[in-house]
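[1] from the sequence below, what's the structure:
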Amino acid sequence: MSIRVRRYVIKPLAVGALVAGVLAPVNAYAAQGPASTASTVVVASGQRLDLGHGQWLTLTAAEVCDGSGQTVESCSSVTNGNQAPDSVSLLTSGNADATLYRALYLGSGAARISVQAGQQNYHLRLVRLAGDNGYAVGYAWGAPTSGSLGATVYNAAGTILATL
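    Predicted structure coming up:
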C-alpha cells in the first residue's frame with residue numbers, strides 16, 4: 001500500500017515541479033539545473049528570465065524583448081531582416097551604478113560572446129531557446145562606460161563568427 005501511495009504522490013509532485021519550472025521566471029544568478037551550463041541558459045519561448053537589477057528578458061521564435069517590472073522597454077526582431085544574418089548587435093541600458101550589456105547574434109554556432117566596453121571586457125552569459133533557432137542572446141552587468149563599445153561572437157573552437 002505504501003508503494004502505491006508513493007507512486008501517486010510523487011508523480012503529481014514531479015509534474016507540478018516540471019510545470020512550475022517552465023512557467024516560473026528564471027533567476028539568472030541561481031543554479032539553472034540540467035538545461036544550462038555555467039555560461040548558457042536555455043529558456044522556453046516567452047519565459048521571463050530575471051537578469052537582476054529589476055530587468056528581465058524573453059525570447060521567442062520571432063523576437064527578443066527586455067524590460068523592467070511590467071514594462072517592455074525594447075524588442076528586437078530575429079526574423080524581419082533589420083539585422084543581417086551572421087551579425088551581432090549590442091544594446092545597453094542602465095544608470096550611473098551599472099550597465100546591462102545585451103548582444104544579439106543572428107546565426108548558428110555561438111558558444112561565447114564578449115563585449116568590449118571602454119577598457120573592460122565582459123564575457124556574456126548566453127541565453128537561447130531549446131534547439132538551434134538561428135540566434136543567441138548574451139548579457140552581462142558591468143560598469144558604465146563612455147568609451148567605445150564592441151562585441152565579438154565565437155564558436156566552440158574559438159573561431160570568430162561575428163564582430164561589432
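
[2] for W141, give me its contacts.
    W141 makes contacts with L51, G52, H53, G94, A98, T99, L100, Y101, as judged by Cβ atoms under 8 Å, 6 or more residues apart in numbering. Every C-beta, even on glycine, is put in place using the N, C-alpha and C of the backbone.

[3] quick check, distance from the strand or helix carrying it to the centre of its chain.
    Assigned by DSSP states H and E, W141 falls within strand 135-142. The chain centre lies 6 Å from the centre of strand 135-142; the measure is Cα atoms, centre = their mean, to the nearest Å.

[4] restrict that strand to CA atoms and write it as CSV.
    Output of strand 135-142 as CSV, limited to C-alpha atoms (Å, rounded to 0.1, in the frame of the first residue of the first chain):
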residue,chain,number,x,y,z
TYR,A,135,20.1,33.1,-32.9
ALA,A,136,21.6,33.6,-29.4
VAL,A,137,21.5,36.4,-26.9
GLY,A,138,24.2,37.3,-24.4
TYR,A,139,24.0,39.6,-21.4
ALA,A,140,26.2,40.9,-18.5
TRP,A,141,26.1,43.7,-16.0
GLY,A,142,29.1,45.9,-15.9
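
[5] okay, now the sheet partners of it, with direction.
    Strand 135-142 has the following strand partners under DSSP bridges: strand 99-106 (antiparallel), strand 120-129 (antiparallel).

[6] before we move on, back to that, whichever of the contacts of W141 end up buried, select them in ChimeraX.
    Buried residues within those, by 16 or more other Cβ atoms under 10 Å, are selected in ChimeraX with:
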select :51,99,100,101
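
[7] could the contacts of W141 go into JSON lines alongside pLDDT and distance to G134?
    Putting the contacts of W141 into JSON lines (pLDDT from 0 to 100; distance: Cβ to Cβ, whole Å) gives the following:
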{"residue": "L51", "pLDDT": "93", "distance to G134": "22"}
{"residue": "G52", "pLDDT": "91", "distance to G134": "27"}
{"residue": "H53", "pLDDT": "90", "distance to G134": "29"}
{"residue": "G94", "pLDDT": "86", "distance to G134": "28"}
{"residue": "A98", "pLDDT": "92", "distance to G134": "30"}
{"residue": "T99", "pLDDT": "93", "distance to G134": "27"}
{"residue": "L100", "pLDDT": "93", "distance to G134": "23"}
{"residue": "Y101", "pLDDT": "95", "distance to G134": "22"}
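
[8] give me the low-pLDDT residue ranges for this protein?
    The chain contains residues with pLDDT under 70 at 1-38.

[9] start and end of stretch 128-147, how far apart?
    One end of stretch 128-147 sits 29 Å from the other (Cα to Cα, to the nearest Å).
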